[in-house]
Structure formats: structure tokens, C-alpha cells
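> output the structure for:
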Amino acid sequence: MNTTTQRIVRRNHQRSYMHEPEHHNAKNALIHAAGELFAEHGFDGVTVRDIAKRAHANLGSMSYHFENKEALYQEVVRCAIDITQKQDWMSIADSAPTADVSPHDLARAIIACIRVQLAGIMCRTDRPWRHKIILRELMQPTEAWNTLVEHKILPELECYTRLYRKAIPHATDFDAKIWTFTLHSHAAFYIISMGNMHRLTGADPLSEAFVESIINHVSRLMVASAGLPYPPAVTSTP
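You can find the predicted model right below:
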């Protein structure tokens with residue numbers, strides 16, 4: 001098992017316990033309750049009273065912390081896209097060599113970026129509603145979509161575009177973004193299918209072995225489509 005994956009899995013499980021006491025704080029309780037409800041019913045299907053009831057808070061607490069339901073939803077989206085890991089993989093991507101200098105090291109950098117992102121996405125258990133919020137915004141954008149685009153989607157696309165051009169210097173923006181969508185589409189599929197993944201595969205979708213197998217699969221696709229050799233030191237899980 002890759003030590004990076006193990007570290008991310010442990011960190012994400014630790015966050016579950018670290019965030020639990022915060023739910024006793026009124027503001028965090030409201031965000032958590034709103035996240036659950038918005039994920040299940042959408043923005044229009046939830047009232048302020050619903051959120052207050054789920055959070056065991058009163059309406060006065062709601063108006064104290066948030067100007068209105070829209071402001072609370074914006075905060076939920078910001079929490080959902082949690083970009084704490086973004087700098088980790090972006091620094092790896094930007095420091096990677098070009099293919100003409102070291103194709104294997106560039107491939108390793110691509111794999112490392114995929115590992116940080118996918119392990120972070122698939123192993124997060126402290127906010128089970130966060131993925132549904134992001135998927136809702138992708139399918140039915142609200143005003144909060146601009147926040148999602150500005151803070152998550154565009155920075156990722158731009159960083160992966162730079163990374164792809166280290167392998168294929170004259171690649172168009174379109175080709176680079178389509179390459180990036182290989183990662184995003186797989187992540188979206190596993191998020192959507194998480195509840196049925198055990199039935200479909202017989203594997204525990206939260207296990208380190210399952211996460212590692214998905215990382216290896218996506219890594220091979222993206223390294224090959226970038227025209228790079230798969231580095232010999234990186235092996236797939238049997």
C-alpha cells in the first residue's frame with residue numbers, strides 16, 4: 001500500500017473525529033445541518049426552519065450567523081470544496097520536470113497529483129454531504145457555482161493544463177482540459193456510485209486497497225494518454 005494513500009486515508013478519518021465537537025458550536029452545526037439538507041433536497045427544497053430544526057438551533061441563531069439562506073448556502077459550498085489539499089498537489093505539478101528532461105519523473109508527478117486528489121475525494125468521511133453538493137452544482141448551477149468555479153475547477157484545470165504541456169508542449173487548451181476530465185469524470189462516477197460500489201465490485205469502496213486500485217487505474221490512463229512511459233518503480237495492486 002502506498003504510504004501517501006495511507007497517510008491521506010488516516011488524515012481524512014481523523015477529520016471525522018476532529019470535526020465532531022465542532023457541531024456543538026452553533027455556526028458549525030448550522031453549516032453541517034444545511035449541508036445535509038441541501039445535498040438531499042437542493043437549495044429550493046429546504047427552508048430556514050428545516051435547517052434550524054436539524055441543527056437544534058433557533059431562528060435567532062440562524063440570523064445571527066448568516067444574513068439569509070443564500071449566505072448560508074454559499075458557506076456550505078465553500079466547505080464542500082475544501083481546498084486544503086490543493087496546494088499540496090499543485091506544488092508537485094508545478095515542480096515536475098518536462099518530458100524531455102525526465103519522462104519517468106514527470107509521470108511520477110502526474111501519479112502523485114492523482115493520488116492526492118483521488119484519495120482525498122474518495123476517503124473523506126467527515127462531511128458525507130460535500131460530494132452531493134458539488135454534483136448538484138455541476139448539474140444544476142446556482143449563484144454559488146461561481147465560487148466553485150473560481151476556487152476549485154479553474155485552478156485545477158489551469159494546473160493540469162500546465163502539467164499536460166510538460167508532456168505535450170504544443171497541446172491546445174481543449175486537449176489539456178479533456179485530459180484533466182479523465183480524472184474528474186472518474187472521481188464523479190465513484191462519488192455517485194459509492195453507495196452501490198460494494199454490490200457492483202464486491203469491494204469496500206472506503207478500503208485502502210480499493211482506493212489504491214482506482215488510483216492505479218486512473219494513473220495508467222492519464223500517463224498513457226500524455227504519451228509518457230509508466231515509471232517502473234510504480235506498480236499496480238494485484
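> going forward, measure contacts and count neighbours with C-alpha atoms only.
Fine.
> count of neighbours near F210?
The number of residues packed near F210 is 16, by other C-alpha atoms under 10 Å.
> gap between it and V218?
Distance of F210 to V218, computed by C-alpha to C-alpha, to the nearest Å: 13 Å.
> before we move on, what about D175?
Between D175 and V218 the distance is 17 Å, computed by C-alpha to C-alpha.
> looking at those two, which one has more neighbours?
Set D175 next to V218 and count neighbours by other C-alpha under 10 Å: V218 wins out with 19 against 14.
> wait, that one touches S185, no?
No - with contact defined as C-alpha atoms under 8 Å, V218 does not count as touching S185 (10.2 Å).
> R127: what secondary structure?
coil (DSSP: H, G, I helix; E, B strand; the rest coil).
> mind pulling up the pLDDT for it?
According to the prediction, R127 has pLDDT 72.
> report the residue spans of the chain with pLDDT below the cut-off.
Judged by pLDDT under 70, the chain has its weakly predicted residues at 1-24, 82-87, 124-126, 233-238.
> now the strands for it?
For the chain, no strands are identified by DSSP state E.
> distance of the residue most central in space within the chain relative to R127?
Centroid-nearest residue in the chain: I121, 4.0 Å away (criterion: C-alpha atoms, centre = their mean). Plainly put, I121 is 11 Å away from R127 if you go by C-alpha to C-alpha.
> can you list the domains in the chain?
Domain ranges of the chain: 19-79, 83-225, per automatic domain parsing.
> of those domains, which approaches P231 most closely?
Among those, the nearest to P231 by C-alpha to C-alpha is domain 83-225 (5.1 Å).
> picking that back up, the residue nearest to the centre of the chain touches F189, doesn't it?
No - I121 lies out of contact with F189 (C-alpha under 8 Å); the separation is 11.6 Å.
> correct me if wrong: L148 contacts E75.
No - L148 is not in contact with E75 according to C-alpha under 8 Å; the separation is 11.2 Å.
> count of neighbours near the residue lying closest to A144 once chain neighbours are set aside?
Spatially, and ignoring its direct neighbours in sequence, A144 is nearest to Q74 (5.7 Å; C-alpha to C-alpha, 6 or more residues apart in numbering). When counting by other C-alpha under 10 Å, one arrives at 19 neighbours for Q74.
> roughly how far apart are Q74 and T142?
In terms of C-alpha to C-alpha, Q74 sits 10 Å off from T142.
> cool, C113 as well?
29 Å.
> the two: who's more crowded?
C113 (21 against 15).
> I'd say that one and W89 touch.
Yes - with contact taken as C-alpha under 8 Å, C113 and W89 are classed as touching, separated by 4.9 Å.
> ok, now which residue in the chain is the farthest from the centroid?
What lies farthest from the middle of the chain is G60; by C-alpha atoms, centre = their mean that is 33.4 Å.
> quick one: contacts for the nearest residue to R220 once chain neighbours are set aside?
Closest residue to R220 apart from its sequence neighbours, by C-alpha to C-alpha, 6+ apart: Y230 at 7.0 Å. Residues in contact with Y230, defined by C-alpha atoms under 8 Å, 6 or more residues apart in numbering, are 104, 107, 220, 223-224.
> kind regards, and thank you for your time.
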